[in-house]
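Undergrad: Dropping a prediction and its sequence here:
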Amino acid sequence: MAIQGILVVLSGPSGAGKGTICQELLRSYPELNYSISATTRAPRTGEQNGVNYWFISDAEFQTMINNDQLLEWAEVYGNFYGTPCHHVATLLNSGKDIVLEIDAQGATQIKKKFPQGVCIYIAPPSLDELAKRIHKRGTDSLESIKTRLSSASGELTYVYNYDYIVVNDEVQSATKKIAAIITAEKCQVVRNVTTIEGILSNFYK
């Protein structure tokens, strides 16, 4: 029987660099699997259905909620986001590790339903730097940028619900810290009971 994989949850305020770090993790550590979220928002330039997100209608999303098919879900800036349960459960039960990029509301739900998940908060070095990153991204209207910045300080209070915080001052450095966290979590005694029992049974033969 395979040791259950680890669910790694990354979140933080918009513009903190969650997506960039997630991409770098997947590039540098191919053993990690990415859990694609479902969303009702429109695709941004370059995004593909089934690659970046599952882009679905409001009605389809509501059906998933009603049928308890989402590990977590939330409404963010007028759009819905959620994590389909089946794919995550299948990968974890086969011993594969999963990285999930979601907002703070969703991470809080997962922590309650799946406390063995590893929740990591990605924080910007400062709110000034966060503002620069959002402006540089060029995908949001001025009104949207103002909304995101005004809510960022409030979102930071969610950090106390997390297991770790990583300040994204430089992508490579932040990625290495997260990889170190995953390595340490995989060495926890509670995650290696089967291995320990196997060692002890051979020792006492």
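TA: Looks like it arrived, so ask away. Residues are numbered from 1 along each chain as shown.

Undergrad: And the strands in the chain, which stretches?
TA: Secondary structure of the chain (DSSP state E): strands located at 7-11, 33-34, 37-39, 53-55, 70-76, 79-84, 98-101, 118-123, 164-167.

Undergrad: With mean pLDDT added, can I get the ones you listed in TSV?
TA: Shown next, in TSV, are the strands of the chain (pLDDT from 0 to 100):
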stretch	mean pLDDT
strand 7-11	95
strand 33-34	92
strand 37-39	92
strand 53-55	94
strand 70-76	89
strand 79-84	93
strand 98-101	93
strand 118-123	95
strand 164-167	96
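
Undergrad: any weak-confidence spans in the chain?
TA: Within the chain, the set of residues satisfying pLDDT under 70 comprises 1-2, 131, 133-135, 137-142, 144-152, 204-205.

Undergrad: what inclination does the longest helix seen in it have with respect to strand 118-123?
TA: Counting by DSSP state H, the longest helix found in the chain is helix 171-186. Angle between the axes of helix 171-186 and strand 118-123 is 160 degrees (criterion: axes from the mean of the first three to the mean of the last three C-alpha atoms, to 10 degrees).

Undergrad: centre of the chain versus helix 171-186, how much separation?
TA: 14 Å (C-alpha atoms, centre = their mean, to the nearest Å).

Undergrad: What is it packed up against?
TA: With contacts defined as 3 or more C-beta pairs under 8 Å, 6 or more residues apart in numbering; DSSP states H and E, helix 171-186 has these neighbours: strand 7-11, helix 18-28, strand 118-123, strand 164-167. C-beta: built from backbone N, CA, C; applies to glycine.
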